[in-house]
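Undergrad: model the following, please.
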Amino acid sequence: MTSINVLVIEYLDSDKTLETIVRKQNIQVVAISPENLDTQFIASTLKPDVMLINCRKVTDLMLQFVAEINELYARPIILFSDDPDTQSVNKVIKSGISAYIVSGLESNRIKSIIDIAIARFTEQQSLKNELEKTKSKLEERKLVDRAKGILIKTRNFSEDEAYHTLRKLAMDRNIAIGEMAKNVIAMSELLT
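TA: Here you go, the predicted model:
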């Protein structure tokens, strides 16, 4: 494992079990108490590579923090808990936690758990990015089809002529075809 910075948050009263286990693995650790959680400070100053949370029971406040930090500074988050409740498990999964370990805080497994959580997080981020690209392409395709429809209706172009006109206009102006389609749609709306 390469050198990583780990943020440890222990919700257990003055219990530093997780922090102690991680430090024994020669991993760089910063520990903060749940009362001092500041997403802005974590994202801008601490900048951990991985976040580990240790608690007895999953709370809505904890999951709210997870959602906020994922929005601002998405990183792998591993939650160690003694809470096997099905509702808690479902909430944890929806919150964006990379690994949920129930009653499994063992020092000999910590490096493996961190490695797996990082790999899973990386894969999820890749899928999320691919989904965003696909959504963007689909949205662009809808705009191009709408702009082609406008050209077909107003200029009596065939579908191929409308597409080639859009493409030529985009190339002449050195912009993406989706941007040109937006311009055609905006102009049409302006004139009607």
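Undergrad: what is the least confident helix or strand in the protein?
TA: helix 86-95 (a mean of 84; mean pLDDT, DSSP states H and E).
Undergrad: which strands and helices sit next to the next helix or strand after it?
TA: Toward the C-terminus, helix 86-95 is succeeded by strand 99-102 as the next helix or strand (DSSP states H and E). Based on contacts counted as 3 or more CB pairs under 8 Å, 6 or more residues apart in numbering; DSSP states H and E, the elements that strand 99-102 packs against are strand 77-81, helix 86-95, helix 110-155. Where you see a C-beta, it was placed from the backbone N, CA and C, and this is true even at glycine.
Undergrad: sheet partners, orientation included, of strand 99-102?
TA: Partners of strand 99-102 in the sheet, by DSSP bridges, are strand 77-81 (parallel).
Undergrad: and the strand it pairs with with helix 86-95, angle?
TA: With axes from the mean of the first three to the mean of the last three CA atoms, to 10 degrees defining the directions, strand 77-81 sits at 170 degrees from helix 86-95.
Undergrad: quick one: buried residues of the least confident helix or strand of the chain?
TA: For helix 86-95, the neighbour count (16 or more other CB atoms under 10 Å) marks 88, 91-92, 95 as buried.
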